[in-house]
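**Student:** Build me a model:
(one chain, ligands or ions: 1)
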Amino acid sequence: MIFVDACLKKEVPYTPVWMMRQAGRYLPEYRAVRKDAGGFISLCKNPKKASEVTLQPVDIVGVDAAILFSDILVVPMEMGMDLEFIVGRGPVFSDPVVCEEDLKKLDIQKAVKNLDYVYETIKITREKLAKDKALIGFCGAPWTVATYMIEGGSTKNYAKCKKLLYQNPEFLHQILSKVTQATKIYLENQIKAGVNAVQIFDSWASALEKDVYFDFSWKYILEIVDYLKAKYPEIPIIVFPKGISAYLDKIDGNFDVFGVDWSTPLALARDILSHKYTLQGNMEPCRLYSKDAIKESVEKIVKTMKGKSHIFNLGHGILPDIPVENAKYFINLVHELSAK
Ligand code: 1CP
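**Tutor:** Presented below is the predicted three-dimensional model:
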């Protein structure tokens, strides 16, 4: 698999490419299946339909890897929290974690078992996916997942999380530890079900100041990485801490691929990290609105990463109103311009 080879810094004939949030609302085919399934959570819980939308971007836009269709928040949901996705508002937990009692109620063993539908989606998808295409499993970094558990949904200023961080850091560590324990087993089960690589999304890494970040987020990511690498050394691990370009020199760990977000200059990440890791990224997702903007960026990124191990991707998720035609143009152009 060219995607896995690139993760492991092996020679590849061209740069493999996929897009974060590639199975999603910009595809009419996705919207149709989602409607039919009766909403987003029902779709996640329906292995046949979730597998169908996982495969759509491979068939429709020609990416080199499929990413499991699910969400980072199924973990706290299956630990016992009440999750709803509300149109226009996003994810909402009606019962956020406020005190130790709330945390005690959450059940790791129940979660990893209840997540059977995810493992089933992986099995079905791996059977249907072409042998040369990779299937990526994923999870949220404990910090990113915990922000939703504590705030009860998306947040602009992380006020409840920060209050805990500075008033009761021990309790925040307890929450992060519990999510970490569940996530280790969850990713292990994804690997056992057949994923070829895993990605850990730390979308809200930039909410924490430097030293706090390493203590409250990065440490837990590395705990997951070390656990998986000890058991499955051949499965590539991709980390994606968004918005931490100022501390790239402090990045170290036993993972394989470092995801570069679009606000980080790729040449900077290359100079600091590419001797150790394959880099993934990092076209600005909004460039997908214009073919000229795509071409300019793909040319520049291919040039920047020449001779280095690279997986092409966006620097964050694709937006729902991107023309499918432009996404196809992007994927084809990466293949064409990176061919050796
Ligand atoms: O309306 C819909 O169809 C729901 C939109 C949607 C989709 C398609 C959500 C709600 N989640 C997803 C799928 C999803 N989420 C995937 C599937 C695979 C793919 O990439 O194609 C993945 C990997 C995620 C991961 C995820 N969920 C992250 C981390 C990645 C990122 O984009 O930063 C986060 C932060 C979430 C939480 C989430 N899920 C959905 C929403 C609207 C949100 C909130 C985002 C926010 O707080 O701003």
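**Student:** On the three-state scheme, the residue nearest to the spatial centre of the chain is what?
**Tutor:** The structure's the chain has its C-alpha centroid closest to F201; by CA atoms, centre = their mean the separation is 4.0 Å. Following DSSP: H, G, I helix; E, B strand; the rest coil, F201 is assigned to strand.
**Student:** Starting from Q56, give me the distance back to the closest residue in space to P28 that isn't next to it in sequence.
**Tutor:** Nearest residue to P28, sequence neighbours excluded (CB to CB, 6 or more residues apart in numbering): V324, at 7.7 Å. (Glycine included, C-beta is placed from N, CA and C.) Going from V324 to Q56 by CB to CB, to the nearest Å gives 10 Å.
**Student:** what sits against A111?
**Tutor:** V75, E78, M79, G80, A182, Y186 (CB atoms under 8 Å, 6 or more residues apart in numbering).
**Student:** ditto for I237
**Tutor:** Shown in contact with I237 (CB under 8 Å, 6+ apart): A197, V198, Q199, I200, V225, L228, K229, N254, F255, D256, V257.
**Student:** gap between it and the ligand?
**Tutor:** Remark: distance between I237 and the ligand (CB to the nearest ligand atom, to the nearest Å) = 15 Å.
**Student:** from now on call the first residue 13
**Tutor:** Okay, using 13 as the starting number, the last item reads as I249.
**Student:** Angles on the backbone of that residue, please.
**Tutor:** Dihedral pair for I249: phi -120, psi 130, per degrees, to the nearest 10.
**Student:** Can you check the pLDDT for the residue nearest to D214 when sequence neighbours are not counted?
**Tutor:** Leaving aside its chain neighbours, D214 sits nearest to A153 (3.6 Å; criterion: CB to CB, 6+ apart). Per-residue pLDDT puts A153 at 98.
**Student:** Any residues of the stretch 213-352 of the chain in contact with the ligand? List them.
**Tutor:** F213, S215, G329 (CB under 6 Å from any ligand atom).
**Student:** Now pLDDT too, for these, in TSV please.
**Tutor:** Listed next are those as TSV, based on pLDDT from 0 to 100:
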residue	pLDDT
F213	98
S215	97
G329	95
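**Student:** secondary structure class for Q34?
**Tutor:** coil.
**Student:** Repeat that for N338.
**Tutor:** Three-state call for N338 (three-state DSSP): helix.
**Student:** shouldn't it be in contact with C298?
**Tutor:** No. Shown here, N338 and C298 do not form a contact pair, counting by CB atoms under 8 Å, at 10.9 Å.
**Student:** since we're on L220, how many residues are nearby?
**Tutor:** Counted with other CB atoms under 10 Å, residues neighbouring L220 total 22.
**Student:** F228 is in contact with that one, correct?
**Tutor:** Yes. The criterion here is CB under 8 Å, and L220 meets it with F228 at 6.1 Å.
**Student:** Give me the common contacts of these two.
**Tutor:** Going by CB under 8 Å, 6+ apart, residues that sit against L220 and also against F228 are W155, L177.
**Student:** mind listing what the closest residue to L39 other than its chain neighbours touches?
**Tutor:** The shortest distance from L39 to any non-neighbouring residue, by CB to CB, 6+ apart, is to Q68 (5.8 Å). Shown in contact with Q68 (CB under 8 Å, 6+ apart): A35, L39, E41, Y42, V45.
**Student:** what about 10 Å?
**Tutor:** Q34, A35, G36, L39, P40, E41, Y42, V45, A78, F81 (CB atoms under 10 Å, 6 or more residues apart in numbering).
**Student:** Narrow those to those that are buried.
**Tutor:** Buried members of the contacts of Q68, counted by 16 or more other CB atoms under 10 Å: Q34, A35, G36, L39, Y42, V45, A78, F81.
**Student:** remind me which residues of the chain are low pLDDT?
**Tutor:** Judged against pLDDT under 70, the chain has no low-scoring part.
**Student:** Strands of that one, start to end?
**Tutor:** Along the chain, the stretches classed as strands by DSSP state E are 77-79, 95-98, 102-105, 146-152, 209-214, 249-253, 269-271, 290-295, 322-326.
**Student:** if we can go back for a sec, quick check: the two most widely separated of the contacts of Q68?
**Tutor:** Among the contacts of Q68, the pair separated by the greatest distance (CB to CB) is P40 and A78, at 18.4 Å.
**Student:** returning to that earlier point: is it possible to get the residues of the stretch 213-352 of the chain next to the ligand out as JSON lines so that each row also shows distance to V73?
**Tutor:** Putting these into JSON lines (distance: CB to CB, whole Å) gives the following:
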{"residue": "F213", "distance to V73": "21"}
{"residue": "S215", "distance to V73": "23"}
{"residue": "G329", "distance to V73": "14"}
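**Student:** I247: which of those is nearest?
**Tutor:** F213 (16.9 Å).
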